[in-house]
Structures are given as C-alpha cells and as structure tokens.
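In: My questions are about this predicted structure, shown below with the sequence.
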Amino acid sequence: MLDETSIKERMQKTVENVRRDLAKIRTGVATPAILDNVYVDYYGTKTPISQAAAITVPEPRCLAIKPWDKSLMQAIERAILTSNIGINPVNDGTFIRLNMPVLTGERRKELAKFANKIGEEGKVAIRNIRRDENEHLKKSSKDAGHSEDELKHEMDKVQALTDKFIAEVDKVIAEKEKDILTV
C-alpha cells in the first residue's frame with residue numbers, strides 16, 4: 001500500500017531544495033553558491049558563470065573568478081552587475097574579485113526573515129506530499145477493500161515521515177539563521 005521510499009525521496013528532495021535556496025543567501029561569508037543564478041552571455045548562449053570560469057574563495061569574504069576565456073571578463077562583470085546580488089565586481093585584468101560587504105544588523109534580520117520564508121515554503125511542500133499520499137492511500141484502500149485500521153496505520157506512517165522531514169527543515173533553517181545573525 002505505502003511506498004515509503006518514494007515518499008522519503010520526494011521529501012528529501014524538498015529538504016535539499018531548501019538547503020540549496022538558503023545557500024544563495026549572502027551572509028557576509030563568500031560562497032560560490034551566490035553566483036548560481038548568474039548567467040553570462042557566452043557566445044550567444046546563457047551559461048552559468050561556474051561553467052565559464054573558475055570560482056575560488058581566496059579569503060573568507062572574497063570570491064575570485066577567473067574566466068577560461070579572457071574575452072569573457074567584461075561579460076561576466078556585466079552579468080554580476082545586472083544580477084542584483086548586491087556586490088560590485090572588481091576587475092584586475094586576470095581575476096574578477098567580489099568582496100562581500102559587511103552586513104548591518106537590520107539587513108541580517110531581513111535575511112533571517114527571508115530564510116524563514118524559504119523554510120516555510122519547504123514545509124508546505126512536504127505537507128503537500130503528505131496530503132497527496134494520504135489521498136492516494138484512501139483511494140487505494142477503498143479500491144482494495146482494506147479496513148479503516150489499516151488505513152489509519154498507513155496514514156500514521158506518512159505523518160511520522162512528515163514530522164521527521166519538517167524537523168529536518170527546521171534544523172536547516174535554525175543553522176542558517178544562526179549563521180546569518182552571527183556577527
């Protein structure tokens with residue numbers, strides 16, 4: 001009746017999506033994930049910067065981008081400026097450096113709220129998986145003629161999985177919030 005591995009996979013993917021979305025939030029510490037949604041025009045094709053250049057973290061608050069092709073320097077600079085990540089690139093001819101500005105207390109609180117919003121969206125997605133699975137269980141139980149006790153037992157399993165993955169999302173959010181609010 002219940003396909004636990006499928007439910008676990010779907011819920012785990014949701015947790016991973018939350019982690020990936022939270023990694024994009026700038027906390028004052030340099031991480032290449034900040035550039036995940038920045039695309040450069042590479043010979044007429046929109047290409048992620050990570051596929052057109054090497055991205056390194058030489059210092060905790062600095063990213064260094066070295067394009068594979070020197071002719072991309074201007075295009076990468078333009079892509080970063082138009083991406084609204086709030087960082088101005090510094091071009092030294094070989095590297096493009098991104099220095100992470102220090103976050104103010106007010107900005108940290110805004111980012112913490114945004115992180116919570118991402119977490120809530122993840123929890124809603126997990127609850128939607130639960131709802132879909134419960135509807136599927138009710139339909140298949142009715143078709144197969146299972147008892148209400150069996151159905152209740154299966155739905156309790158789904159709820160236990162839901163609780164487990166929501167707790168995992170809460171843990172991920174708490175870690176990110178601590179990271180954001182730590183000066």
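Out: Ah, there it is.
In: Can you list the buried residues in the helix or strand harbouring residue 167?
Out: In the assignment (DSSP states H and E), residue 167 maps to helix 148-181. Within helix 148-181, the residues that count as buried by 16 or more other CB atoms under 10 Å are 151, 154-155, 157-158, 161-162, 165-166, 168-169, 172-173, 176-177, 179-180. Using the backbone N, CA and C atoms, a C-beta is placed for each residue, glycine as well.
In: Next: stretch 86-105.
Out: 87, 89, 95, 96, 97, 98, 100, 103.
In: just stretch 34-47 next, same as before
Out: 34, 35, 38, 39, 40, 42, 47.
In: ok, now stretch 109-123?
Out: 111, 112, 115, 118, 119, 122, 123.
In: Same check on stretch 58-77?
Out: For stretch 58-77, using 16+ other CB under 10 Å, the buried residues are 63, 64, 65, 67, 72, 73, 75, 76, 77.
In: got these as TSV, with pLDDT, distance to residue 145 and secondary structure columns?
Out: TSV is the format used below for the buried residues of stretch 58-77 (pLDDT from 0 to 100; distance: CB to CB, whole Å; DSSP: H, G, I helix; E, B strand; the rest coil):
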residue	pLDDT	distance to residue 145	secondary structure
63	89	61	strand
64	92	65	strand
65	91	62	strand
67	91	65	strand
72	87	64	helix
73	89	69	helix
75	89	64	helix
76	89	63	helix
77	90	66	helix
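In: separation between the closest residue to residue 69 other than its chain neighbours and residue 32?
Out: Closest residue to residue 69 apart from its sequence neighbours, by CB to CB, 6 or more residues apart in numbering: residue 52 at 7.4 Å. Between residue 52 and residue 32 the computed distance is 13 Å (CB to CB, to the nearest Å).
In: who has more neighbours, the two?
Out: residue 52 (22 against 15; other CB atoms under 10 Å).
In: Could you report the distance from that one to residue 70?
Out: 12 Å.
In: and if you look at residue 132?
Out: 51 Å.
In: what residue ranges in this structure score low on pLDDT?
Out: 1, 26-28, 183 (pLDDT under 70).
In: need the longest helix for it.
Out: helix 105-144 (DSSP state H).
In: Against which helices or strands is that one packed?
Out: Using 3 or more CB pairs under 8 Å, 6 or more residues apart in numbering; DSSP states H and E, the elements in contact with helix 105-144 are helix 4-23, helix 148-181.
In: Assumed residue 93 was part of a strand.
Out: No. Using DSSP: H, G, I helix; E, B strand; the rest coil, the assignment for residue 93 is coil, not a strand.
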